[in-house]
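Student: mind folding the following:
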Amino acid sequence: MPQRYEEYDRIAVITGADSGIGKACAVALAEAGFDIGITWYGDRDGADRTATEVRATGRRCEVAELDLTRLPGAAAVVDELADRLGGLGVLVNNAGTGLSTPFVEVAWEQWREVLAVDLDGPFLCSQRAARRMRAAGRGGRIISITSVHEHAPRVGSSAYCAAKGGLGLLTQVMAQELAADGITVNAVAPGEIATPMTGQEDVDPFTQERPGVPVGRPGDAREVAAVVALLASPAAAYVTGASWPVDGGMLMMGPQASSLPDNSWRSV
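Tutor: Numbers count the residues shown, from 1 in each chain. Model (predicted):
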């Protein structure tokens with residue numbers, strides 16, 4: 001029989017929240033009433049800026065370093081932050097990396113680094129989160145930031161696409177196995193978002209033209225965070241095992257849509 005669960009802990013851990021989408025998720029969830037744990041890698045100052053913005057909403061924020069190439073031990077940061085905050089209701093797997101190298105030239109070390117950060121890390125962090133949520137008996141939310149390249153290939157991104165595609169199917173398996181515990185598991189699949197990862201830090205996406213994307217511009221990190229906040233909310237209790245593209249319609253156009261040179265496709 002279906003069970004009702006008490007509301008899960010209003011505590012969220014977001015990996016890779018020192019900038020970009022992770023930072024936007026941390027702030028959005030704080031504004032929604034969550035205390036926040038964030039991780040960083042390579043940019044402690046950025047993490048401190050995120051923490052300042054979170055605390056400005058009146059919520060608590062704890063910060064920890066996370067190097068997802070140092071697995072499996074590094075995933076213990078999930079438990080560390082949960083212990084410091086007093087619980088865990090939401091995990092957002094955001095930390096990620098990529099590469100742009102032809103398949104035949106990808107070195108084994110490059111391949112393993114991308115798979116470790118983009119797939120092994122979310123697997124291990126999600127295991128730790130799910131075990132805590134299951135033990136607490138109040139349900140919870142696991143949300144992984146994948147990519148439109150969870151669904152469609154991109155030239156030069158063999159390891160990245162393999163990792164994101166794997167994370168997409170892992171999300172579905174977790175959703176099946178954890179549903180009876182009141183834990184929903186979903187993916188959010190951004191298209192081109194104006195962030196440091198796409199070389200667009202401090203760029204206003206509304207000033208950039210992308211003729212091949214139906215909306216005609218890159219996305220803003222806050223537009224991704226808004227979907228994450230919805231999936232993290234009690235209102236999304238009946239949503240699980242889904243992948244939510246946040247891509248301005250890019251997937252409808254094909255995986256290289258952002259490189260189309262003009263708007264001629266809009267005319268019959």
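Student: any stretches of the chain with poor pLDDT?
Tutor: 1-3, 196-203, 255, 268 (pLDDT under 70).
Student: what ranges does it have for its helices?
Tutor: 20-31, 44-56, 77-85, 108-115, 121-136, 158-178, 221-232, 250-253 (DSSP state H).
Student: any idea which of those helices is most buried?
Tutor: helix 20-31 (a mean of 26; mean count of other CB atoms under 10 Å). To be clear about C-beta, it is placed using only N, CA and C from the backbone, and glycine gets the same treatment.
Student: what angle do it and helix 221-232 make?
Tutor: Relative orientation of helix 20-31 versus helix 221-232 (axes from the mean of the first three to the mean of the last three CA atoms, to 10 degrees): 50 degrees.
Student: got a list of contacts for helix 20-31?
Tutor: Contact with helix 20-31 is made by 12, 14-17, 36, 38, 46, 49-50, 53-54, 57, 59, 61, 90, 92, 94-95, 145, 190, 193, 195-197, 201, 221-222, 224-226, 228-229, 232, as judged by CB atoms under 8 Å, 6 or more residues apart in numbering.
Student: rewinding a little: possible to save the helices of the chain as JSON lines with distance to Glu6?
Tutor: Listed next are the helices of the chain as JSON lines, based on distance: least, CB to CB, whole Å:
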{"stretch": "helix 20-31", "distance to Glu6": "19"}
{"stretch": "helix 44-56", "distance to Glu6": "25"}
{"stretch": "helix 77-85", "distance to Glu6": "17"}
{"stretch": "helix 108-115", "distance to Glu6": "37"}
{"stretch": "helix 121-136", "distance to Glu6": "9"}
{"stretch": "helix 158-178", "distance to Glu6": "16"}
{"stretch": "helix 221-232", "distance to Glu6": "16"}
{"stretch": "helix 250-253", "distance to Glu6": "37"}
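Student: out of these, which is closest to Arg210?
Tutor: helix 250-253 (8.4 Å; CB to CB).
Student: residues near the closest residue to Ala163 other than its chain neighbours, how many?
Tutor: In this structure, Ala163 finds its nearest non-sequential neighbour in Asp118, 3.6 Å apart by CB to CB, 6 or more residues apart in numbering. Around Asp118 there are 27 other residues, counting by other CB atoms under 10 Å.
Student: surely Asp118 touches Gly165?
Tutor: No. Taking CB atoms under 8 Å as the definition, Asp118 is not a contact partner of Gly165, at 10.2 Å.
Student: restricting to C-alpha, output the lengthiest strand in the chain in CSV.
Tutor: Determined from DSSP state E, the single longest strand within the chain is strand 183-190. Extracted C-alpha coordinates of strand 183-190, given in CSV (Å, rounded to 0.1, in the frame of the first residue of the first chain):
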residue,chain,number,x,y,z
ILE,A,183,12.4,9.5,-2.2
THR,A,184,12.0,10.9,-5.7
VAL,A,185,14.9,11.0,-8.2
ASN,A,186,15.0,13.2,-11.3
ALA,A,187,17.4,14.7,-13.7
VAL,A,188,17.6,18.3,-15.0
ALA,A,189,19.2,18.5,-18.5
PRO,A,190,20.5,22.0,-19.3
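Student: in its sheet, what does it sit against?
Tutor: strand 140-145 (parallel), strand 243-246 (parallel) (DSSP bridges).
Student: quick one: which of those is nearest Gln110?
Tutor: That would be strand 140-145 among these, by CB to CB, at 20.9 Å.
Student: nearest spatial neighbour of Ala116, skipping sequence neighbours?
Tutor: The shortest distance from Ala116 to any non-neighbouring residue, by CB to CB, 6+ apart, is to Thr69 (5.3 Å).
Student: how near is that neighbour to Gly121?
Tutor: For Thr69, the distance to Gly121 (CB to CB, to the nearest Å) stands at 9 Å.
Student: and for those two, which residues touch both?
Tutor: Among the neighbours of Thr69, none is also in contact with Gly121 (CB under 8 Å, 6+ apart).
Student: touching, the residue nearest to Ala116 and Glu113? I think so.
Tutor: Yes. If you go by CB under 8 Å, Thr69 and Glu113 touch, sitting 5.9 Å apart.
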